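Chemist: Okay, sequence plus prediction incoming.
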Amino acid sequence: MKNAERRILTKGLTEGYVGNGISGSTNRAGFDLKTSDYKGPEGEYHDEWAANYNGGGQELSKTPDGESFTRVYIGGTLSAEELQSLGLVKKDVIGKLVFFVSELGGQTRLDQDAEMEDGRWRYGYKVIRKSNRIPAVVGEETITYDQLEVFLHYHGISPVK
């Protein structure tokens, strides 16, 4: 991935979902989705997702020079009952996700591995497939609490050509 592509995917995520970007909702083909948007010197970014405990979404981004990328994701958290048995609620897990992604910034959810710990919590992003001939990356993102997986996402990244 080029640096400009990394910058807009990271900035869009940190300003949109994680930060104070423009957020809203839309309906696509009868499905209600949440959205976030960012537009700045790094380019343009749009994210749409449908999820509560599990689901997925798609980010679309464009660099200032017109290169477009998409990142899709699926997954979520343990059920409310399973989290409760650990003394947690979904907000605890999502709060840690936001913390880790904010702290790691452009070091995660792209084309390189990343890890971080915070007390009983551990974050990991591992690239599980990267093609040298076809520009595509697949990564696995996990959060564990006391070594038990409480969050799982799979990400796919590709240019839009």
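Modeler: Cool, the structure landed. Remember, predicted model here, so these are calculated numbers, not experimental data.

Chemist: Contact partners for the residue most central in space within the chain?
Modeler: What sits nearest the mean C-alpha location of the chain, by C-alpha atoms, centre = their mean, is residue 109, with 6.3 Å. The contact partners of residue 109, taken as C-beta atoms under 8 Å, 6 or more residues apart in numbering, are 9, 10, 13, 71, 101, 125, 139, 141, 155. Just so you know, the C-beta spots here come from the backbone N, C-alpha and C atoms, and that holds for glycine as well.

Chemist: nearest to residue 41, of these?
Modeler: residue 10 (13.3 Å; C-beta to C-beta).

Chemist: I'd like to know how far that closest one sits from residue 132.
Modeler: 23 Å (C-beta to C-beta, to the nearest Å).

Chemist: Have a look at the two and say which one is more surrounded.
Modeler: Neighbour count, other C-beta atoms under 10 Å: between residue 10 and residue 132, residue 10 has more, with 22 against 5.

Chemist: And what about the more buried one, helix, strand or coil?
Modeler: Look at residue 10: counting by DSSP: H, G, I helix; E, B strand; the rest coil, its state is helix.

Chemist: May I ask you to name the longest strand in this protein?
Modeler: For the chain, the strand with the greatest residue count under DSSP state E is strand 148-160.

Chemist: Okay, buried residues for stretch 128-148 please.
Modeler: 137, 138, 139, 140, 141, 142, 143, 144, 145 (16 or more other C-beta atoms under 10 Å).

Chemist: try stretch 56-65
Modeler: By neighbour count on 16+ other C-beta under 10 Å, the buried set for stretch 56-65 is 57, 59, 60, 61, 62, 63.
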